[in-house]
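pasting a predicted model and its sequence here:
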Amino acid sequence: MTDDASDRWEYRAIRPPREAAKKEARDPSDELNDLAAEGWRLVETVEYVGGGTKYLVFERPYRADEDDDADSAEREHRD
């Protein structure tokens, strides 16, 4: 089996966007479209035990030449 970049994936987990009170989710369309433009696709949600979404999990094919871009984008999308 070969280990070239076309066989590899990278993942990102972010918290869903929240309103100022941190209790209600706001419409994440803008953030989702930004991530989609970078090649990310939503593949899973991680839920709290009592309900609600804790993380949105995204994947895209691994791009070794974009490691620096991914690091800066991750910092922008963090809470």
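Noted; the coordinates are in hand. Residues are numbered from 1 along each chain as shown.

and the strands in this structure?
9-14, 41-47, 53-61 (DSSP state E).

right, and these - which one's nearest A25?
strand 53-61 (7.3 Å; Cβ to Cβ). From N, CA and C alone the C-beta is placed, and that goes for glycine too.

packing partners for the closest one?
In terms of contacts (3 or more Cβ pairs under 8 Å, 6 or more residues apart in numbering; DSSP states H and E), strand 53-61 is packed against strand 9-14, strand 41-47.

how much space between P28 and G39?
Per Cβ to Cβ, to the nearest Å, P28 is found 17 Å from G39.

oh sorry, the question was meant for F58
F58 is 9 Å from G39, by Cβ to Cβ.

again with P17
In terms of Cβ to Cβ, P17 sits 20 Å off from G39.

now V43. Nearest residue, chain neighbours left out?
Setting aside the residues directly before and after it, V43 is nearest to E59 in space (Cβ to Cβ, 6 or more residues apart in numbering), at 5.0 Å.

scratch that, Y48
K54 (5.1 Å).

what of E47?
Among residues not flanking E47 along the chain, T53 sits closest, at 5.9 Å (Cβ to Cβ, 6+ apart).

if we can go back for a sec, out of the helices and strands packed on strand 53-61, nearest to R63?
strand 9-14 (7.4 Å).

which other helices and strands does that closest one contact?
So strand 9-14, by 3+ Cβ pairs under 8 Å, 6+ apart, packs with strand 53-61, helix 67-77.

residues near K54, how many?
By other Cβ atoms under 10 Å, 12 other residues sit near K54.

again with W40
Neighbour tally, W40, other Cβ under 10 Å: 22.

with P28 instead?
P28, neighbours per other Cβ under 10 Å, totals 17.

again with G52
11.

also the one 10 residues further on?
Taking other Cβ under 10 Å as the criterion, the count of residues near Y62 is 16.

so how far is D7 from it?
8 Å.

please apply the same query to A37.
With Cβ to Cβ as the criterion, A37 and D7 are 24 Å apart.

where does this structure dip in pLDDT?
Filtered on pLDDT under 70, the chain yields the residue ranges 1-6, 20-24, 66-79.

mind running it again at 50?
For the chain, the stretches with pLDDT under 50 are 79.
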